[in-house]
Every structure is written in C-alpha cells, then in structure tokens.
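Trainee: model this:
(one chain, ligands or ions: 1)
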Amino acid sequence: TTVSVDGTAAHSIPPLLFGQMFEASQYGDGGIYAELLQNRAFQQVKPNIIDALFGWAPINGASINVIADPIPLSGALPNSLELTIPSGSLGQVGFGNEGYWGINVNASWTYNASFYYRFPRASNFSGKLTVMLQSSIGVVYANASVPVSGSTTAWMQVMVHLTPTSSPVSTTNIFTVTVDGASAIGETINFAMFSLFPPTFKGRVNGLRMDIAQACFHLDSTQTLYDMKPSFFRFPGGNNLGQSFSTRWQWNATVGNLTDRPGRMGNWGYINTDGLGLLEYLYLCEDMEMEPIMAVWAGYSLDGASLPENDLAPYIQQAIDQINFVIGNPATSKPAALRASLGHPEPFHLQYVEIGNEDFLASESYMYRWKDFAEHLEATFPHLKFIATSHPFNHTLDPIPKQYDNHVYQTPGWFAENAFYYDSAERNGTYYFEGEYAVVSTNASDLFGKPFNGRLVYPNMQGSVGEAAFMTGLERNSDIVFAASYAPLLMNTANYQWSPNLIAFDASHVYPSTSFYTQQLFSLNRGTEYFPSTLPLENGTLYWSVTRDAPTNTVIIKIANTGVTAEEMLFELPFKSVHSTGNATVLSGSATANNSPETPNAVMPVISQIKTGKSFSYTAAAYSVNVLRVEAK
Ligand SMILES: [NH3+][C@H]1C[C@H](O)[C@@H](O)[C@@H]1CO
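Mentor: Below is the predicted model:
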C-alpha cells in the first residue's frame with residue numbers, strides 16, 4: 001500500500017480531540033475517589049436491618065446496628081452505627097470495615113482516619129477506643145487510641161493518623177474501632193461519618209486515589225489516566241445523571257461539608273456517597289488540565305419517564321444554578337458565592353454543557369426538553385456551547401444544535417467499517433462529540449450480552465485495533481469532530497456492572513488496557529494539523545491518518561492494521577527535508593491478547609527506531625496500532 005501525503009494541511013487538530021468520559025459507575029466511590037471505607041456514613045440505607053451494615057462487621061461479640069439516630073449528626077446523615085458491649089465481653093470488642101473489596105495497607109503512607117461518636121446516654125465510662133488497620137486474621141499494621149468519656153453525649157469528631165509498620169501484599173485488610181470489652185460492658189456508643197483516606201493526588205483533601213488519577217512511573221511502568229493527557233473530562237454521566245426524577249444527580253447535594261451530602265442511589269446499583277461531587281470534579285479538571293464537559297439533567301429518567309413541559313421550570317433553574325456554581329459571579333449569584341465560600345472565588349473554565357444524556361431514548365420529549373433547556377440556558381449563558389444528545393445528522397430539534405454527542409458500542413468489524421463514518425457528514429456548522437465509543441463484543445447480535453456470548457470483560461487487541469481504525473477517521477474528520485472519548489473509564493475488578501472499560505483496578509493495582517494504550521498513543525501524538533493523504537480502502541484492513549506537529553516539525557503517522565497479516569506500506573512525504581531516522585511506537589498482539597489482573601502487561605507499547613526519508617517503507621504487524629514520528633520540514 002502506497003500512501004502519498006498532501007503538501008498542505010487541510011485543517012488544524014481541535015484542542016479537545018482526545019479526552020475522558022467519567023461517571024460514578026464501577027467506580028467513583030471505591031475507585032478514583034480515595035475514600036477507603038465502604039458505607040462510611042450509612043447513607044440512603046434503611047436502618048435496623050442487617051443490609052444497612054454492608055461493608056461493616058462486628059468484632060468479638062459486639063452488637064452493632066444502624067439506627068435512625070434520635071439526635072442525628074446532620075439532616076443529610078440521619079443514620080448512625082450503634083455499638084453495644086454485651087455482658088461477658090473480653091478482649092477488644094467493636095467493629096470493622098472491609099473497604100471496597102480490600103484495603104491497600106502501605107507503610108510509606110500516613111492514613112487519615114476520622115469519625116464522630118457520642119454516648120446516647122451519659123455514663124461514667126472513661127476509657128479509650130483503639131483504631132486499627134489490621135489483616136482479616138488480626139495482624140495489626142497500624143493503631144492509634146482515642147480517649148473517650150461517657151459524658152460525651154453530643155457528637156464529637158475524632159481524627160487520628162495511622163502509619164502502618166509494614167506493607168502486606170494482601171489487601172484483605174480491615175479498618176477497626178474497638179474498646180476493651182471487659183471495661184465497657186453495658187455501654188452503648190453511637191458512631192457516624194467514618195472516613196479513612198490514604199494520601200491523595202496532589203494532596204487534595206477529600207481527593208483522588210493517586211495511582212488511578214496520576215501518572216506513576218513505577219518500575220512496572222504503570223501508566224494511568226493523567227498519562228493520557230486527556231484534554232477534557234465529561235461528567236457526571238452518562239446513565240448516572242439520572243435513574244429517576246427523585247434520584248437524579250443534583251449538584252447542590254454534592255457540594256459542601258461531607259456531613260451535608262446525603263448521597264444517592266446511583267444508576268449502577270450502588271449508593272453514591274457523592275463525596276466525589278461537583279467541586280471535586282472541577283478540581284480534578286483543574287489539576288489534570290482538562291476542560292470540563294458538564295452535563296445537566298434534562299427531565300428524562302432511565303425508567304422511561306420524561307417530565308411534562310410545564311414542569312420543567314424548577315429543573316431548568318437548578319441547571320442554571322449548577323452552571324453558576326461553576327462560572328457565576330459570587331457578587332451576583334448565590335451558587336457562585338457558595339463556590340467562593342468553599343475556596344474557589346474564581347470561576348472555573350467551562351465551555352461545553354451537555355443537555356441530558358442519550359436522549360435518543362426519549363426523542364419525543366426531547367423536542368420540548370431540548371428547546372426549553374437550550375433556550376433558557378443560551379439566554380442566560382450566551383457564551384457557552386450546548387451539546388444535544390439525540391441522534392445527529394437529521395436536525396429535528398429547535399433551536400438547531402451546533403453540537404451533538406454521539407455514542408456507539410459495537411464490534412471490531414463495525415469500527416473498522418465505519419472509519420469513514422464522518423467523511424460524508426455535511427459541513428454545515430454542526431460539530432460532533434464522539435462522547436462514548438468502545439468495542440464491547442465480537443457478537444453483533446448480542447452486543448451487551450455475557451462473556452460466553454462475545455462480550456469483552458477487558459479490551460483486547462482485536463477490539464483496540466478496531467477502535468484505532470475508527471479513530472483515524474475521527475482525526476481525518478476533526479474539522480467537525482471536536483472531541484472523542486472511550487467509555488466507560490474505570491472498573492473495579494472485584495465488582496463491576498459494565499465491561500469492558502478503559503482502566504481496570506483493584507484495591508492496590510491499576511491495569512491499563514490495550515484500549516487505554518491506544519487512547520494514549522493517539523492522545524500523546526496528536527499533532528497540530530491534519531494532512532490529507534491517499535485514503536485507506538473502505539472495508540479494508542489498513543487504516544492510517546497523517547498529522548504534523550508544527551512546533552516540533554514532526555510528522556506523525558498513525559496506522560491501524562486490523563488484519564491477520566502484516567502489511568508493507570510505502571510512505572511518500574511532500575516535505576523538503578525528512579530525517580533519515582524516526583521512531584515507531586507499536587502496540588500489537590494476538591486478537592484476544594488483553595491486559596488483566598492475571599496478565600497485567602500482556603500488551604504494552606514498544607518504541608523502536610525506524611528508517612525514514614522522503615519516501616520510506618514500513619511494515620505494520622497484524623493486529624497492531626502504530627504511531628510513527630519523523631522530523632520533517
Ligand atoms: N449505556 C452507556 C451509555 C450511558 O451514557 C453510559 O452511562 C453507559 C455506559 O457507558
């Protein structure tokens with residue numbers, strides 16, 4: 001295959017072409033949000049039933065129960081854990097938390113533990129609580145003690161630091177709070193709002209798990225999100241934007257003190273603490289130099305209901321408040337004043353607001369929901385750009401959207417066959433955000449089925465190469481495709497509801513997938529301008545796209561070989577002088593090769609020197625994603 005490259009750039013590469021989509025699904029809590037305790041505040045659980053205690057267990061005969069506290073810690077947190085020390089108690093008696101399928105105990109870290117306690121009935125008890133990190137069979141790694149007195153009948157918060165003496169490989173560890181049983185027989189103590197944090201990304205309070213949120217150049221060369229240098233971060237969903245009217249995501253319930261955040265039943269079958277709230281998302285964007293693409297709930301719920309048009313006003317107002325929290329003027333807007341009071345008086349950077357999510361599922365009502373939200377929001381924030389979520393290409397909405405968010409989950413073949421998906425799109429001032437895309441299955445007739453029927457648990461090479469083929473098309477058409485992100489982003493290998501995902505993790509490791517490396521290869525090698533070249537064969541097995549990074553005079557050639565045989569290519573470059581050597585970064589493996597906890601580094605990018613020149617040949621291996629870089633001017 002001969003590829004001759006045009007001498008002039010067709011268009012620039014838009015700044016947001018590669019980014020990330022995030023929603024609290026598998027997991028915000030127990031994932032990128034660094035809180036280590038599961039069910040830390042008994043949010044949204046029914047008291048006085050055993051299920052309310054998920055994540056917690058009694059130790060050495062203690063009796064524990066979640067109660068609706070007669071003196072609740074706060075309006076948002078009505079429940080507390082009631083500990084009663086039974087007669088005959090001996091030794092340390094209390095309770096423990098198992099974390100989110102384990103707790104990573106690391107001797108190089110200092111953990112911040114905290115909780116509130118009170119004696120519901122004053123007593124003359126005087127003793128101490130022992131706070132520990134220990135293995136599930138009682139090996140103590142860290143402990144601290146907290147003197148307590150039975151005269152404390154009002155809520156008292158305690159904070160302790162825990163510094164483990166060793167770093168067990170196993171993450172089957174628990175956080176415990178115990179008291180010397182013999183000395184506390186008959187005592188009852190109520191507890192609320194527990195928290196256990198390891199050190200966080202950039203040391204932010206209430207922040208993010210370091211090894212997921214930042215590049216960590218360990219010996220095993222684990223690369224993570226930040227290493228993708230994503231340019232945008234879409235949040236808070238996705239489906240998690242709203243399962244029903246009453247459980248929709250509400251910005252105001254996710255900001256301020258943790259004791260003021262009630263939490264909510266998320267869309268993925270578990271309760272979101274909302275400790276990772278709107279302000280944390282905005283700090284994440286700021287810290288990782290990403291542009292937020294923020295969604296507002298727009299009156300549709302995944303149980304199929306849509307708000308009637310004359311009920312929209314308060315929800316439009318809530319969306320206006322949400323946006324003002326992000327960019328408003330503290331002097332004129334209460335939500336903006338709230339932002340300032342929380343420590344960020346300056347507005348955050350925001351350009352794009354998405355109205356709803358996947359509203360092609362409710363396109364009838366979206367006719368008026370889009371109209372009313374878009375008209376009010378555009379009038380209030382004339383400089384923002386609003387993204388519609390119904391199917392693009394056939395304008396049925398008024399006002400006509402200038403941006404659409406397009407989602408596709410398909411087979412490797414579909415992605416390769418649709419590398420030209422945007423080539424024929426009308427250039428009519430409409431821009432496209434490929435907001436969610438991924439190869440999910442090898443079975444076109446059961447895309448969202450089970451693994452035995454084609455569903456991928458982890459991305460694999462065949463899927464990632466299909467995505468790469470499609471991505472060369474996104475790059476070729478990035479005069480109208482302004483942003484694109486693989487979805488979903490994260491998956492806790494111990495418990496997940498959707499697969500495959502870009503990055504898997506467990507309590508102590510991160511497992512970047514072949515699709516992560518594909519995203520990273522494209523994101524770290526964007527170039528600043530697109531150069532047309534001989535077009536790939538539609539429905540072929542070889543796809544490529546050529547860009548140039550003007551500041552470094554580097555030509556960048558991305559190649560996806562979706563076939564089973566290596567392909568020899570001949571490149572003819574139009575530049576006057578082309579360096580005689582360049583480098584190739586190649587991701588390749590067998591069709592089903594994947595990175596998983598069992599084989600974390602099965603497929604990694606490999607860099608090598610290649611011979612280049614005004615014309616040079618290059619062989620793309622079977623099932624390979626290749627990025628060639630050569631200096632040329
Ligand atoms: N069903 C997908 C579409 C929705 O927007 C996401 O929440 C889901 C997983 O990425």
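
Trainee: residue numbers of this structure in contact with the ligand?
Mentor: 23, 237, 238, 239, 357, 358, 407, 436, 487, 488, 498 (C-beta under 6 Å from any ligand atom). The way it works is simple: take the backbone N, C-alpha and C, and place the C-beta from them, glycine included.

Trainee: swap in 5 Å and give it another go.
Mentor: 238, 239, 487, 488 (C-beta under 5 Å from any ligand atom).

Trainee: would you point out the most distant pair within those residues?
Mentor: 239 and 487 (10.5 Å; C-beta to C-beta).

Trainee: so for the two, which residue has more residues nearby?
Mentor: Neighbours were counted for residue 239 and for residue 487 using other C-beta atoms under 10 Å; residue 487 has more, 22 against 17.

Trainee: closest to residue 582 out of the residues of the chain next to the ligand?
Mentor: For those, the nearest to residue 582 is residue 487 (32.6 Å; C-beta to C-beta).

Trainee: which residues touch the closest one?
Mentor: 21, 238, 407, 435, 436, 437, 438, 502 (C-beta atoms under 8 Å, 6 or more residues apart in numbering).

Trainee: looking at those, which are in strands?
Mentor: 21, 407, 435, 436, 437, 438 (DSSP state E).

Trainee: got the residues you listed as CSV, with neighbour count columns?
Mentor: Listed next are the ones in strands among the contacts of residue 487 as CSV, based on neighbours: other C-beta atoms under 10 Å:
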residue, neighbour count
21, 27
407, 18
435, 26
436, 21
437, 22
438, 27
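
Trainee: spatially, which two of those are the most separated?
Mentor: 435 and 438 (11.4 Å).

Trainee: next SSE after the helix-or-strand element of the chain with minimal mean pLDDT?
Mentor: Lowest mean confidence among the helices and strands of the chain (mean pLDDT, DSSP states H and E): helix 210-213, at a mean of 86. As assigned by DSSP states H and E, the chain's next helix or strand after helix 210-213 is strand 232-235.

Trainee: which residues touch that next one?
Mentor: Defining contact as C-beta under 8 Å, 6+ apart, one finds that strand 232-235 is touched by 16, 19-23, 281, 284-285, 288, 290-295, 352, 354, 435, 483, 485.

Trainee: could you rerun that using 6 Å?
Mentor: Identification of contacts with strand 232-235 by C-beta atoms under 6 Å, 6 or more residues apart in numbering yields 16, 19, 20, 21, 22, 281, 285, 290, 291, 292, 293, 483.

Trainee: how many neighbours does residue 137 have?
Mentor: 7.

Trainee: A helix includes it, no?
Mentor: No - secondary structure of residue 137 (DSSP: H, G, I helix; E, B strand; the rest coil): coil, not part of a helix.

Trainee: for it, grab phi and psi.
Mentor: With angles defined as degrees, to the nearest 10, residue 137 sits at phi -110, psi 20.

Trainee: residues in contact with it?
Mentor: Going by C-beta under 6 Å, 6+ apart, residue 137 touches no other residue.

Trainee: relative to the ligand, how far out is it?
Mentor: Per C-beta to the nearest ligand atom, to the nearest Å, residue 137 is found 38 Å from the ligand.

Trainee: let me see the ranges of the helices in this structure.
Mentor: 210-213, 278-287, 313-327, 334-341, 363-380, 412-417, 461-476, 514-523 (DSSP state H).

Trainee: any idea of the mean pLDDT in the second one?
Mentor: Model confidence over helix 278-287 averages 93 on the pLDDT scale.

Trainee: contacts for that helix, please.
Mentor: For helix 278-287, the external contacting residues (C-beta under 6 Å, 6+ apart) are 202, 233, 235, 251, 254, 255, 292, 342, 348.

Trainee: before we move on, what about the last one?
Mentor: Where contact means C-beta under 6 Å, 6+ apart, the residues beyond helix 514-523 that reach it are 18, 228-229, 459, 461, 464, 467-468, 471, 486, 502-503, 587, 603, 605, 625, 627.

Trainee: tell me the angle of it relative to helix 461-476?
Mentor: With axes from the mean of the first three to the mean of the last three C-alpha atoms, to 10 degrees defining the directions, helix 514-523 sits at 20 degrees from helix 461-476.

Trainee: what about residue 207, how many neighbours?
Mentor: Counted with other C-beta under 10 Å, the neighbours of residue 207 add up to 24.

Trainee: and what of residue 592?
Mentor: So residue 592, with other C-beta under 10 Å, has 12 neighbours.

Trainee: same question, residue 57
Mentor: 15.

Trainee: that one pairs with what?
Mentor: On the basis of DSSP bridges, residue 57 is bridged to residue 96.

Trainee: tell me the pLDDT at it?
Mentor: In this prediction, residue 57 has a pLDDT value of 98.

Trainee: now, of the contacts of helix 514-523, which are buried?
Mentor: Among the contacts of helix 514-523, those buried by neighbour count (16 or more other C-beta atoms under 10 Å) are 18, 228-229, 459, 461, 464, 467-468, 471, 486, 502-503, 587, 603, 605, 625, 627.

Trainee: how near is the closest residue to residue 175 other than its chain neighbours to residue 42?
Mentor: Of all residues not flanking residue 175 in the chain, residue 97 sits nearest, at 4.7 Å (C-beta to C-beta, 6 or more residues apart in numbering). From residue 97 across to residue 42, the span is 12 Å (C-beta to C-beta, to the nearest Å).

Trainee: who has more neighbours out of the two?
Mentor: Set residue 97 next to residue 42 and count neighbours by other C-beta under 10 Å: residue 42 wins out with 29 against 21.

Trainee: how about the more buried one, what does it touch?
Mentor: 66, 79 are the contacts of residue 42 under C-beta under 6 Å, 6+ apart.

Trainee: ok, now with 7 Å
Mentor: Going by C-beta atoms under 7 Å, 6 or more residues apart in numbering, residue 42 touches 52, 66, 79, 80, 81.

Trainee: out of those, who's nearest residue 541?
Mentor: Distances from residue 541 to these, taken by C-beta to C-beta, are shortest for residue 52, at 54.9 Å.

Trainee: that closest one contacts residue 46, doesn't it?
Mentor: Yes - between residue 52 and residue 46 there is a contact under C-beta atoms under 7 Å: 5.9 Å.

Trainee: neighbour count: those two, which is higher?
Mentor: residue 52 (18 against 11).

Trainee: picking that back up, now render the contacts of helix 278-287 as CSV, adding neighbour count and pLDDT.
Mentor: What follows is the contacts of helix 278-287, written out as CSV (neighbours: other C-beta atoms under 10 Å; pLDDT from 0 to 100):
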residue, neighbour count, pLDDT
202, 15, 87
233, 22, 94
235, 27, 97
251, 24, 98
254, 25, 98
255, 20, 98
292, 23, 97
342, 13, 98
348, 19, 98
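
Trainee: closest one of these to residue 368?
Mentor: residue 251 (22.9 Å).

Trainee: didn't the closest one look like it was pressed against residue 324?
Mentor: No - at 10.0 Å, residue 251 does not count as touching residue 324 under the criterion of C-beta under 7 Å.
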